[in-house]
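A.B. asks: Coordinates for the following, if possible.
(4 chains, ligands or ions: 6)
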Amino acid sequence: MKKIMNKAEDFVDEMIEGILAANPGELATVADDLRCVVNKNKMAGKVGIATGGGSGHLPLFLGYVGDGMLDGCSVGGVFQSPSSVQMLEVTKAIDQGAGVLYIYGNYGGDILNFDMAAEMADVEGIRVEQVVAGEDVASGPKGEESKRRGVAGIFYVYKIAGAKAAELATLDEVKRVAAKAAANVRTMGVALSPCIVPEVGKPSFTLNEDEMEIGMGIHGEPGIRRGKLKPADGIVDEMLIPILDDLPYVRGDEVSVLINGLGATPKEELYIMYRWVGQVLAEKGIKVFKVYIGEFATSMEMAGASISLIKLDDELRDLLSKPAHTPFFEQKQL
Amino acid sequence: MKKIMNKAEDFVDEMIEGILAANPGELATVADDLRCVVNKNKMAGKVGIATGGGSGHLPLFLGYVGDGMLDGCSVGGVFQSPSSVQMLEVTKAIDQGAGVLYIYGNYGGDILNFDMAAEMADVEGIRVEQVVAGEDVASGPKGEESKRRGVAGIFYVYKIAGAKAAELATLDEVKRVAAKAAANVRTMGVALSPCIVPEVGKPSFTLNEDEMEIGMGIHGEPGIRRGKLKPADGIVDEMLIPILDDLPYVRGDEVSVLINGLGATPKEELYIMYRWVGQVLAEKGIKVFKVYIGEFATSMEMAGASISLIKLDDELRDLLSKPAHTPFFEQKQL
Amino acid sequence: MTSIDIDALKNIFGHLKRIMDENREMLIELDSVMGDGDLGITMQKAFTAAHTEVQGFTGKESGQLLLKAGMKIAQAAPSTMGTLVAMGFMKGGKSILKTEEISLSELSVFFRAFANGIMDAGKTKPGNKTIIDALDPAAKALEEASVEGKNVADGIQMAYTAAREGVENTKSMKAQHGRAAYYQEKSIGVTDAGATVAALILKGFYLGVRE
Amino acid sequence: MTSIDIDALKNIFGHLKRIMDENREMLIELDSVMGDGDLGITMQKAFTAAHTEVQGFTGKESGQLLLKAGMKIAQAAPSTMGTLVAMGFMKGGKSILKTEEISLSELSVFFRAFANGIMDAGKTKPGNKTIIDALDPAAKALEEASVEGKNVADGIQMAYTAAREGVENTKSMKAQHGRAAYYQEKSIGVTDAGATVAALILKGFYLGVRE
Ligand SMILES: Nc1ncnc2c1ncn2[C@@H]1O[C@H](COP(=O)(O)OP(=O)(O)O)[C@@H](O)[C@H]1O
Ligand SMILES: Nc1ncnc2c1ncn2[C@@H]1O[C@H](COP(=O)(O)OP(=O)(O)O)[C@@H](O)[C@H]1O
Ligand SMILES: [Mg+2]
Ligand SMILES: [Mg+2]
Ligand SMILES: [Mg+2]
Ligand SMILES: [Mg+2]
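C.D. replies: Numbering: from 1, shown residues only, chains lettered A, B, ... in the order given. Ligands and ions are numbered 1, 2, ... in the order given. Model prediction:
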């Protein structure tokens, strides 16, 4: 295991210390708990948006805490859910009387704890609503959408809900657009190499030198198919076609595309992927509004990438276009 | 070799096609040459700033073409200099009568070709000045600064020169601040694993499972010392101390810090590094103005990282703070 | 005893703490077969904390006490089972929030909300080899006893018996959730650790009410 | 011949093209010993393009023609040697830009600027086993011949001889630049490919002037 770290058990806390130290004006912790991170910049009367999840996915999750995005995040161990009490502390810190929306990925541990936190927030008199992102088409067939894991496409849900909340919309309204974004986004990924959880010290799976796994999850959850590494255009087809067929995205639709690197895959390769994505979409008469390429939801040093599409209407396009500023994500008005 | 690509010989062109397709409103090519990239957005009367260099380092080099940064970039093959004619074409396209500044890294092939391009630009009646960035303290001892390679710290030179040019300063003024930035920046890096040039197909060096190489260059140029992988704080010390001693950076100085990932190293680890950098600087009484953490100059899938410091005065701080917008780098006014 | 008042409840939590202390190693062992073996530790933590919380409770509403116990468990034991049990106590407590003395019918409402809360949170149902396979029969037994007009002691005894039977039945089930799910077919024949915890919780109520 | 006019220059470029065609394999072989073997190919490309460019030149200024030839070479052969040779022609051409008929003294100015331009661009000096080790002696020989009042033909012959001696001398040198530098000590004993190109360029001038 080749990691730049000190003790494995300090990996997450030292990472958060580094993030806080690098962004002293932007992020703070609450409840004397390093794992409870909030935006220092508060907009009075705004609906609070909280997320949370395991570490090892930067910029997911706490990287999206900032202006025009999220207000707070509870941070778990590597690939582990934070606790409901941490979520509650974040909820209490970001509620300004307008209620709090939880947006998080569809994983058992996270659901359990966020449900629990919502229950506790209710006892505290804070109104909480939830939107669970599950857009990985590889993790559940059509008809079993509720099984689908939340992966990189959650970025769109954050961005759109965050923009709506910044307009001082009501909790119901923010929830509505978040749910609408979640309903219109689809993702699929491919893994080329595994990653190592620091405290475990060895990879949770192996892939041969000439193999890839289509549909693998960001914690190494099994995918749809393991096979020989293909040329880039072929890999893109294996991901893009199931995505397009699923919603479906059809001629005349307008979309935004996110090509997400899982960690070790260089940006060069992500752009080679997009070259083909753009050509396929053009050929199918699907209009591309805005392309995001980079690392948005990683698995530490895993090699691989995912493609996400979100179908936009006027409302979603408008919200996606709004500026945002976090220590990990910066966008000016599109 | 596990890369998401089509044919190795198409790696660079397809990457550029992807970048152009993803940013249709922002970037264009000139002279019918995919390898000659310019900012579509022109500011009348502005000094043009051009860079160029080998591929495989995204966002370096063409990723910094955009508002408030660079006007154009000639793109070479992986780890190869672009040609002088490509540089000339970019020069011609971005000159608006105010002259053009070349900013590039201190590598033989690049120097040769930029000198040649400057010669040809002169024939075309375009005034060209040059600033060569060479800030890697590992590649030349004090006293032999001219041997030093240009690495991630060139980001600061781009940013500062770009901000000055955006104020419609003269070529001499833009050159002055670029040279001042270059004189005040120092970098050192560590490599944990090699990368593979697509057309070569195998790594140019190997490192054992427990080894790191301090001071290795971004093309795998030999470093200062190969040794056992240390804990993060120890790795940081090996890089930070030589940097601090070199300029030197002393108590009372104000700096900006850049922690750059070489490719495969996750952001988590970069923040763990910054945690210690911040503590050491605080202890030494060096004030940190702004921290940049992420991938700024990579070596494809190489694992490792570099630390850059730039000493700021009022002028440099002010220019660094200015907004910038490129397809790969976004900054609002600090 | 025709109903459970605050003092009886506090007594029940004393039993629960002791039971989890005594069964620590047994639960560790059970959870080690196909889980990570933390269950004995987390349940001891959970009920030690709940016991302390409950003893310091000065209100009159039993539902409120049960809710507070749940919140404390969530804080003290943020594992799967800790969170699920916490959710059970909270949902159960809320379902009878203002109740001061818990009748059998209210106890059945409590355990039904307890079980349903866990099913909602865990996205599960009976038959998946979880705590539910002991809890759901227990809640059903209480519902029947309540309809039949039984007294609290008889009702809770029937529920405890049903829970233990439920634990037995988990042996033949295939795990669908958590770490155990990875073992699929291999999980058949093994008792579910979470269900065992449910039976121990019922045992605590049974012992407390019997006194 | 007391000076080199436009027609003589065009003739020289005809010789240069033919010489590079004929020596293609020899240069490839030489460059293969410690380089990548592309030199024969790039020099053929370079001087074929320069030849075509020069034949179409309609101006009167020889300096301008040489500058144009350099620009064409840069475009046609963007390798190390291609770019260095292009730089030589450009810097040389610029140094006598308005000259129509090149006297021996102007020819010596041209080759001095040619050599210096390459030294600046390549950040090198004599003794580093490069093209300079043939060019610099040739430029020196021209300077001497010019001081001594020699005619153009004699001057260029002395320069060609000096260049060939320079090539020989590179054998004992240790490479400091480019791919060959990796071989360090091992490079001793091998003739430098770039220096050989310089001698061939002088040969082209020599043959052209002799006619
Ligand atoms: N989704 C679920 N719904 C209900 N119960 C569950 C669920 N997942 C696991 N369980 C129960 O949790 C028990 C394991 O608890 P615990 O040891 O805390 O889990 P872990 O250590 O895997 O987090 C299992 O025996 C099972 O009864
Ligand atoms: N920095 C330099 N300055 C002058 N000449 C150089 C320099 N580097 C290399 N050369 C010359 O270039 C020749 C090799 O040219 P070429 O084959 O085009 O190089 P490559 O294929 O390595 O790019 C060498 O034999 C040497 O004479
Ligand atoms: Mg990375
Ligand atoms: Mg990367
Ligand atoms: Mg367990
Ligand atoms: Mg060669």
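
A.B. asks: Could you find the closest non-adjacent residue to A:Ile94?
C.D. replies: Distance criterion C-beta to C-beta, 6 or more residues apart in numbering or on different chains; nearest residue to A:Ile94, sequence neighbours excluded, is A:Gly48 at 3.5 Å. Where C-beta positions appear, they are placed from N, C-alpha and C, glycine not excepted.

A.B. asks: Over to A:Ile218?
C.D. replies: Per C-beta to C-beta, 6+ apart, closest to A:Ile218 is A:Ser299, 4.7 Å.

A.B. asks: so how far is A:Phe205 from that neighbour?
C.D. replies: A:Ser299 sits 12 Å away from A:Phe205, going by C-beta to C-beta, to the nearest Å.

A.B. asks: nearest residue to A:Ala181 other than its sequence neighbours?
C.D. replies: Distances taken as C-beta to C-beta, 6+ apart put A:Ile160 closest to A:Ala181, at 4.2 Å, once the chain neighbours are dropped.

A.B. asks: For the one you found, list the residues it contacts.
C.D. replies: A:177-178, A:180-181, A:316, A:319-320 (C-beta atoms under 8 Å, 6 or more residues apart in numbering or on different chains).

A.B. asks: For stretch C:157-171, give me every contacting residue.
C.D. replies: Taking C-beta under 8 Å, 6+ apart as the rule, stretch C:157-171 contacts C:111, C:129-130, C:133-142, C:144-145, C:150, C:188-192, C:195-196, C:198-199, C:202-203, C:205-206, C:210.

A.B. asks: again with stretch C:59-73
C.D. replies: A:120, A:123, C:4-6, C:9-10, C:13, C:46-47, C:49-50, C:52-54, C:57, C:82, C:85-102, C:110.

A.B. asks: Try it again at 6 Å.
C.D. replies: Contact with stretch C:59-73 is made by A:120, C:6, C:9, C:46, C:49-50, C:53-54, C:57, C:82, C:85-86, C:89-90, C:92-94, C:96-100, C:102, as judged by C-beta atoms under 6 Å, 6 or more residues apart in numbering or on different chains.

A.B. asks: Narrow the residues you listed to those in helices?
C.D. replies: A:120, C:6, C:9, C:46, C:49-50, C:53-54, C:82, C:85-86, C:89-90, C:92-94 (DSSP state H).

A.B. asks: which of the residues you listed lies closest to chain B?
C.D. replies: Minimum distance to chain B across the ones in helices among the contacts of stretch C:59-73 is 27.0 Å, recorded for C:Gly82 (C-beta to the nearest C-beta).

A.B. asks: how far away is that closest one from ligand 2?
C.D. replies: 66 Å (C-beta to the nearest ligand atom, to the nearest Å).

A.B. asks: what number of residues lie near that residue?
C.D. replies: By other C-beta atoms under 10 Å in any protein chain shown, the residues close to C:Gly82 number 27.

A.B. asks: In chain C, which residue sits nearest chain A?
C.D. replies: C:Pro78 (3.2 Å).

A.B. asks: which of the ones in helices among the contacts of stretch C:59-73 sit farthest apart?
C.D. replies: By the measure C-beta to C-beta, C:Ile6 and C:Gly82 form the most distant pair in the ones in helices among the contacts of stretch C:59-73, at 24.2 Å.

A.B. asks: Any buried residues in stretch C:186-194, and which?
C.D. replies: If you call a residue buried by 16 or more other C-beta atoms under 10 Å in any protein chain shown, then stretch C:186-194 has these buried ones: C:187, C:190, C:192-194.

A.B. asks: and the contacts of stretch C:157-171, which are buried?
C.D. replies: Here, 16+ other C-beta under 10 Å leaves C:111, C:129-130, C:133-142, C:145, C:150, C:190, C:192, C:195-196, C:198-199, C:202-203, C:205-206 buried among the contacts of stretch C:157-171.

A.B. asks: So which of the residues you listed belong to helices?
C.D. replies: Per DSSP H, the subset of the buried ones among the contacts of stretch C:157-171 in helices is C:111, C:133-142, C:145, C:195-196, C:198-199, C:202-203, C:205-206.

A.B. asks: Compute the number of surrounding residues for residue 74.
C.D. replies: If you meant another chain, say so; for now it's chain A. Residues near A:Ser74, counting by other C-beta under 10 Å: 34.

A.B. asks: let's do chain C instead
C.D. replies: C:Ala74 has 29 nearby residues by other C-beta under 10 Å.

A.B. asks: my guess is it contacts C:Val85, does it?
C.D. replies: No - with contacts counted by C-beta atoms under 6 Å, C:Ala74 stays clear of C:Val85, the gap being 8.8 Å.

A.B. asks: quick one: low-confidence parts of chain C?
C.D. replies: Counting by pLDDT under 70, the ranges of chain C that qualify are C:1, C:182.

A.B. asks: Could you give the number of residues near A:Leu309?
C.D. replies: 28.

A.B. asks: Ignore what I typed, I meant A:Asn208.
C.D. replies: 10.

A.B. asks: That one - that's part of a helix, no?
C.D. replies: No - under DSSP: H, G, I helix; E, B strand; the rest coil, A:Asn208 falls outside any helix and is assigned coil.

A.B. asks: give me phi/psi at it?
C.D. replies: phi -70, psi 160 (degrees, to the nearest 10).

A.B. asks: so what's A:Gly263 closest to, chain neighbours aside?
C.D. replies: A:Thr298 (4.3 Å).

A.B. asks: Quickly note the distance from that neighbour to ligand 5.
C.D. replies: If you measure A:Thr298 against ligand 5 using C-beta to the ion, to the nearest Å, the figure is 27 Å.

A.B. asks: Quick check: that residue vs A:His57, distance?
C.D. replies: 5 Å.

A.B. asks: Out of the two, name the residue with the larger neighbour count.
C.D. replies: For the pair A:Thr298 and A:His57, the greater number of neighbours falls to A:His57 (28 against 25), based on other C-beta under 10 Å.

A.B. asks: so what's the more buried one up against?
C.D. replies: A:297-298 are the contacts of A:His57 under C-beta under 6 Å, 6+ apart.

A.B. asks: Wait, a strand at it?
C.D. replies: No - counting by three-state DSSP, A:His57 falls outside a strand, being coil.

A.B. asks: re the thing from before, considering only the buried ones among the contacts of stretch C:157-171, which also neighbour ligand 5?
C.D. replies: By C-beta under 5 Å from the ion, no member of those lies near ligand 5.

A.B. asks: burial count for C:Glu148?
C.D. replies: By other C-beta under 10 Å, the burial measure for C:Glu148, its neighbour count, is 11.

A.B. asks: same check, this time on C:Gln176
C.D. replies: 16.

A.B. asks: What is the burial count for the residue lying closest to it once chain neighbours are set aside?
C.D. replies: Excluding the flanking residues, the one nearest C:Gln176 by C-beta to C-beta, 6+ apart is C:Asn128, at 4.1 Å. Neighbourhood size, C:Asn128 [other C-beta under 10 Å]: 21.

A.B. asks: Return the residues of chain A in contact with chain C.
C.D. replies: Proximity of chain A to chain C, by C-beta under 6 Å from any C-beta of the partner chain, involves residues A:83-85, A:112-113, A:115-116, A:119-120.

A.B. asks: Which ones among those residues map onto helices?
C.D. replies: Going by DSSP H, the helices hold A:84-85, A:112-113, A:115-116, A:119-120 from the residues of chain A next to chain C.

A.B. asks: List just the nearest of those to ligand 2.
C.D. replies: A:Asn113 (59.8 Å; C-beta to the nearest ligand atom).
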